[in-house]
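**Student:** this one's structure only:
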């Protein structure tokens, strides 16, 4: 099952009484216009040149605020997919947009469907949200000198043996190490290796060997050409541009990538150290 | 009370030790109003901070300023929170009160730097101008030059929320002639060099909010800064750090050992290692605000270095519900075991467990404020997938002095049973996406004897709960319910039973179009705000607010 692809499981809004094409409905809904006015007055969290990485969130927030009828699960339905499938008949005026009601305890094996962003959630003052978002826009503009700065770069991440995939936005991270930390949290047995704040200075051959023997997962990615590459060879920015999806392979399967695992990984550490400054 | 001469009444009141009792008493009689020296007014409900209250709802400062200008010209201090203040209001304020000393505005909006210019120009004895997180329209830097040469009384100046440029020369002049300055918080536009110059004039400074600390500066600039900072022997609290580059961090080191307060929560540019290098030197720290970039590892460093920590706030750097945070329950457990004096907490994270909360409760029984926000609504215990009822139950059971609580994650009616049973001193409770039935809310209303403010969103409480203990609302300051299951009918019944309450309902769409859309469900109330009143319905409500 369950790819946590946002497209498939995303909660969307629709007009009452029908309109399974919720996305279209949300866009063309007359209520949007009203909500746009409210947006202007409220000076919503995202500053005017709303970064595309936040676009999905914006759309969901605006849609949320529109308080339209929503394809929401009733408390006893367990997945949003089910209610989307039943379409119009199941439409219920849910008070505030959004979250899938998980009063039913979720099956630990199955991923909880991604929640739409609720209005006014998380409870952080706009003043603070503006400062942090403006910074991440600026930061990304600085990092990626150029066109796609700010566009979200969501890619699927799979790990061999894990029951489901995740998605990450590569533009949320500034380096391989940050990505590694995030993936580590998501799939806790995975490790690219910890460079620490000293970069390469704390690393030597025997430590590297220890790390390698302790972990048999290798991060790989599919690039624009459709080739499977080892993560870490190219500068971070180039990686973000070319990565289409990530796969955390079991070490034994990664051998076929052309070089010995040891060499590949130590090259990666070199890149990690140099891009870490 | 008109039977007694004033002197007798004053004598009686002198026996009231508590500030809040004197406050309550002062509300009783208009006769005392002219003598008012300090006025504190709070406007919009707390959830207005999160855009849940539509604009133009109310909270206008003008009527208050006008009434004070007519009735109590001895006013010296005005503190306002979540109010809409206009430039005209500020001008009236500046001109009406000859002894005016202190203006504190928190989370307000509606005014510009021109209003501040009036305050600066006309308040001859101004001691305090404290602007915290307001939305201020920038109309230029002129306001700072408006302080007359004769104004030398400034003790506290906070303009960190001003977005625009500031004239450095004016700022330096102002600081140079304010020998009593103890608290100074600059905005992002103030450069390192200006900061260094200013600090040469502030030997008594206790609280500093820096300006910009980016790394476009020469090392010389930073050295000057360190020298200047070293002159401030009394400096105990540091904030600002706008756009701070990691390079600047070591220049703060000489100060760290004396700091009791540190706010790094506006600085996403510092990562866990920058933060920990600084914080590990702050051995006297009592109050710490950071972003979650600090990570669990960083919090362990805090726990081992800052044994006197009393207040911790960890804010999210990523607001995306499905996103990532470097702090988890582990960081909080580490803090609780290293910092037993912890009494005030605000913690944003993506996961929590019952075990962690139970451990935290045992380690820190002194919590007065405990606010935990798990970013994903209704998220269960990360290990067991159970609701977090037991964890929060432990908090309310162990922390007998708890006055403020915010709960999150997957929660059933059981957590409310615990809260009602144990949280006897609880004054403010914030609930989001929690509970199963009316019973939950009833536990709270019936059990929490000292409850003053209850705010609930997206929870399945309906008319049964709303009407289950209506007398309770007269003992409370306010009730907020949004996206719950209360209906118009229920609110009407409440209003008719309790004439001393204002029952305000707000629907995003006006009544008629709602009915067209969804005839079966027209009566659900989107937002409900209930509060006590002695004056009846307010006259300034906009048309989307209906007062029943």
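**Tutor:** Okay, I see it. Worth saying up front: this structure is predicted, and the values here are computed from it rather than measured.
**Student:** how near is residue B:492 to residue B:65?
**Tutor:** 35 Å (C-beta to C-beta, to the nearest Å). Quick note: C-beta positions are derived from backbone N, CA and C, even for glycine.
**Student:** Which one's more surrounded, the two?
**Tutor:** Using other C-beta atoms under 10 Å in any protein chain shown as the criterion, residue B:492 and residue B:65 rank with residue B:65 on top: 25 against 15.
**Student:** tell me the SS of the more buried one?
**Tutor:** helix (DSSP: H, G, I helix; E, B strand; the rest coil).
**Student:** Equivalent analysis for residue A:167, please.
**Tutor:** strand.
**Student:** wait, does the helix or strand harbouring residue B:491 contact chain A?
**Tutor:** Take DSSP states H and E as the rule and residue B:491 turns out to sit in helix B:488-497. No: Helix B:488-497 lies out of reach of chain A by C-beta under 8 Å from any C-beta of the partner chain, never closer than 13.4 Å.
**Student:** Work out the gap between that helix and the centre of the chain.
**Tutor:** Averaging C-alpha positions (C-alpha atoms, centre = their mean, to the nearest Å) puts helix B:488-497 31 Å from its chain's average.
**Student:** So for that helix, what gets flagged as buried?
**Tutor:** Using 16 or more other C-beta atoms under 10 Å in any protein chain shown as the test for burial, helix B:488-497 gives B:488, B:490, B:491, B:493, B:494, B:495.
**Student:** what's the answer for stretch A:218-237, then?
**Tutor:** In stretch A:218-237, counting by 16+ other C-beta under 10 Å, buried: A:218-223, A:229-232, A:234, A:236-237.
**Student:** so which of those comes closest to chain B?
**Tutor:** Closest approach to chain B among the buried residues of stretch A:218-237 (C-beta to the nearest C-beta): residue A:236, at 15.2 Å.
**Student:** Check residue A:56 and give its pLDDT.
**Tutor:** For residue A:56, the pLDDT comes out at 41.
**Student:** quick one: contacts for residue A:125?
**Tutor:** B:49, B:50, B:107, B:133 (C-beta atoms under 8 Å, 6 or more residues apart in numbering or on different chains).
**Student:** Pull up the per-residue confidence for it.
**Tutor:** 91.
**Student:** Quick check: it vs residue B:316, distance?
**Tutor:** Residue A:125 is 12 Å from residue B:316, by C-beta to C-beta.
**Student:** the helices in the stretch 151-277 of chain A, which residues?
**Tutor:** A:176-186, A:205-214, A:236-242, A:251-254, A:261-275 (DSSP state H, counting those that start in this stretch).
**Student:** Would you single out the least confident of these?
**Tutor:** helix A:205-214 (a mean of 46).
**Student:** Quick check: residue B:446 vs residue B:399, distance?
**Tutor:** On the measure of C-beta to C-beta, residue B:446 and residue B:399 end up 20 Å apart.
**Student:** Neighbour count for these two, which is higher?
**Tutor:** Remark: of residue B:446 and residue B:399, residue B:399 carries more neighbours, 24 against 13, as counted by other C-beta under 10 Å.
**Student:** mind listing what the more buried one touches?
**Tutor:** Counting by C-beta under 8 Å, 6+ apart, residue B:399 has contacts B:361, B:364, B:365, B:366, B:367, B:368, B:370.
**Student:** For these, work out which two are farthest apart.
**Tutor:** Across those, no pair lies farther apart than B:361 and B:368, at 13.5 Å, counting by C-beta to C-beta.
**Student:** if you count what's nearby, which of the two comes out ahead?
**Tutor:** Between residue B:361 and residue B:368, counted using other C-beta under 10 Å, residue B:361 has the larger neighbour count: 21 against 17.
**Student:** Would you mind measuring from residue B:103 to chain A?
**Tutor:** Distance, residue B:103 to chain A, using C-beta to the nearest C-beta, to the nearest Å: 19 Å.
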